[in-house]
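Novice: Sequence and computational prediction follow.
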Amino acid sequence: MKSVLKIFILFLFPVFATAQDEKNYEDSLLSALKNAANDTIRMDINRKLGFYHQDSDRDTALVYHQVQLALAEKLKLKLWEADACQQIAYCYSNKFRLSEAYENYMKALRIAEDPASAANGWGYSNFSYSKNPDEARQSIMGIIHFELAGFYSRTRDNKNKAFSHLSTAIEIGERLKNPKILSLASREMGVYYLNLNKTDSAFVYFQKALLYYKNSPYQKNLGNVYLQLGRYYIIKGNYDSAKYHLHNAIYENAANASTLLGMGVAQRSLGAAFIETSQLDSALVYTLLGQKIAYSVNDLPGKVVSFLQLGTIYKLKKEYSIAYDYLEKGKNLGDSLNNNYVERLMQFLNLDFDQKVRLQELEKEQQLAKSRNRMFVMLTGLGIFLIVAMLLYRNNRQKQKANAVLKSTLNNLKSTQSQLIQSEKMASLGELTAGIAHEIQNPLNFVNNFSELSNELIEEMQEEMDKGNSDEVKKIIADIRNNLEKINLHGKRADAIVKGMLQHSRPTSGEKQPTDINALADEYFRLAYHGLRAKDKNFNVILKTEFDAAIGNINIIPQDIGRVLLNLINNAFYAVSEKQKLEIEGFEPVVIISTKKLIDKVQIEVRDNGNGIPENIYAKIFQPFFTTKPTGQGTGLGLSLSYDIVKAHGGELKVETKEGEGSKFIIQLPIN
């Protein structure tokens, strides 16, 4: 225990020392604010105080930035007004007040996009390394786009929006040669690809971010790059490199008391890396350090991670009572955060939908105004025609017919607009539903954890029974009964969520983009294989690819088609694996993926030499919830969902099979 205490002191000493320096900094700012000679100086000091508290006390930071905004509006300093709205949005976003965050980001962006906002450029050096007020304005735009990308990732809204904002931020950073924007945006682009399991692309952007940081006077968030590299190496299973980068993250974050939040994340991540290498004492030390910081800055998600991680550590240490307590704490706080998050997400999506409706109504009013103008012109013309009615009677009748056609067109336009509003409403509802359904993983995790604990308790009970210790046996039985109640509770919760959500949700639809279908198929082929190998080291299969190089790029939603490929490839692996268990002499499992360019479409085939599909179930395979896999190994939604995705692309999904010899799933997608 003394060694643990020494490590605590070793790592917290630089934090305490830095905290004292920064406390002196805060005191000097408060003193300067009290003696400020004018509103301009007060505005600048309030901004600095807001920054000081942003990552430790966001309520206090919010107050300072709101004062900054009020003074900027009073002084008519538009750049400062845009900056204040951005900082307010940042605080709201991290407090999960999504609607307020979105409104302030949009206000900040509208101001910054107006070149006139740089006309009064007092203090513009606060926003840019340049001596040009307009470049300071563009720098604010770059940071807003960077933060909007994080905002859309946090709301789980369209991932293409996050990618688009990051791309815009990088474009602005490159145009201005601004290392701060480039370092931040490159780091988040790496996180974007890491969350998509595109680890190679993620690593490239993390290396870029590291280079930009090292060549920049802006060093505050360098620790976050090391943190993300640590995450990358944990995913790759290279735990030594992960620990090295996570130690660097802790060191860099310790240099600033305002980055305590990042240091807590880095310490918990290092604890997770030690769990993976079964170094439980070290895992415990760093997890407790991360938990301490989570408590000091009231980081609620950090507390949840700490509780669950401590529960895992104590479970591996076979200290089940302590493990149970931490898992229970993590569950309760996690449920509370999830419920709060869903409520805030619904508010944001409703806001987003209302804004779309308002925009459509505005467009409708504009169209009606144009129609009224056209009608006025036509009536004027009609008046002229009436003067010479006897001479132009036939033309007048034709004009009346044209008016009838116009009226019909206007009615059709109104009907179309109503349908668009309804479509937007259903799209928003579908995204919300899918986001909530994603939370189903939480109760399932607890079902698994309590099941494992119960099995271990049964073994412990057997040992106590052999000893004749009936009192201890009764206690263990009570624990098992309690676990079973929890399993039943979370099982029912998961069941209710799934049944309710699946009635409303549909596959999320992104934007079509030119995609190399051969590269996409190859990527998911390897991904599926390595994913299965990670679960079953004994699984082996011969992989073959037959790609038509003449295909080039086709317009698809890559995430959705990737989902289809992953489903079909995993099914093929399952089929050959089941046949391999029959121990047929001379049988070698083979899975082949091929592409071919046809006249007006592209054909993708996934073939296997498994057992094939029996004739009596052939007609049911695309039905929702139908599966031939054992309970717990399949939901029966993979092929149904794949069928719907391909249909939504204007394509076709079909199967050819012969029982005992294998199956071939064929995807045909239009080229245009």
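Specialist: Thanks, I have the structure now. Computed from a predicted model, the values in this text were never measured in an experiment.
Novice: Give the next helix or strand downstream of the helix or strand where residue 87 lies.
Specialist: Element membership for residue 87 (DSSP states H and E) is helix 78-94. Reading on from helix 78-94 to the C-terminus, the next helix or strand found by DSSP H and E is helix 98-113.
Novice: What residues sit buried inside that following helix?
Specialist: 98-105, 107-109, 111-112 (16 or more other CB atoms under 10 Å). Just so you know, the C-beta spots here come from the backbone N, C-alpha and C atoms, and that holds for glycine as well.
Novice: Packing partners of it?
Specialist: Judged by 3 or more CB pairs under 8 Å, 6 or more residues apart in numbering; DSSP states H and E, the packing partners of helix 98-113 are helix 78-94, helix 133-155, helix 320-387.
Novice: re the thing from before, tabulate the buried residues of helix 98-113 (JSON lines), appending distance to residue 575 and pLDDT.
Specialist: Formatted as JSON lines, the buried residues of helix 98-113 follow (distance: CB to CB, whole Å; pLDDT from 0 to 100):
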{"residue": "98", "distance to residue 575": "44", "pLDDT": "78"}
{"residue": "99", "distance to residue 575": "48", "pLDDT": "80"}
{"residue": "100", "distance to residue 575": "51", "pLDDT": "86"}
{"residue": "101", "distance to residue 575": "48", "pLDDT": "86"}
{"residue": "102", "distance to residue 575": "47", "pLDDT": "85"}
{"residue": "103", "distance to residue 575": "52", "pLDDT": "88"}
{"residue": "104", "distance to residue 575": "53", "pLDDT": "91"}
{"residue": "105", "distance to residue 575": "49", "pLDDT": "89"}
{"residue": "107", "distance to residue 575": "55", "pLDDT": "91"}
{"residue": "108", "distance to residue 575": "54", "pLDDT": "91"}
{"residue": "109", "distance to residue 575": "51", "pLDDT": "90"}
{"residue": "111", "distance to residue 575": "58", "pLDDT": "90"}
{"residue": "112", "distance to residue 575": "55", "pLDDT": "89"}
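Novice: out of these, who's nearest residue 65?
Specialist: Nearest to residue 65 out of these is residue 104 (CB to CB; 9.6 Å).
Novice: Show the contacting residues for the closest residue to residue 233 other than its chain neighbours.
Specialist: Distances taken as CB to CB, 6 or more residues apart in numbering place residue 242 nearest to residue 233, at 3.7 Å, with adjacent residues excluded. The contact partners of residue 242, by CB atoms under 8 Å, 6 or more residues apart in numbering, come to 230-234, 273.
Novice: I'd like the buried residues of helix 98-113 as JSON lines, with distance to residue 215 appended.
Specialist: Conversion of these to JSON lines gives the following (distance: CB to CB, whole Å):
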{"residue": "98", "distance to residue 215": "35"}
{"residue": "99", "distance to residue 215": "38"}
{"residue": "100", "distance to residue 215": "36"}
{"residue": "101", "distance to residue 215": "31"}
{"residue": "102", "distance to residue 215": "33"}
{"residue": "103", "distance to residue 215": "36"}
{"residue": "104", "distance to residue 215": "32"}
{"residue": "105", "distance to residue 215": "29"}
{"residue": "107", "distance to residue 215": "33"}
{"residue": "108", "distance to residue 215": "28"}
{"residue": "109", "distance to residue 215": "28"}
{"residue": "111", "distance to residue 215": "30"}
{"residue": "112", "distance to residue 215": "25"}
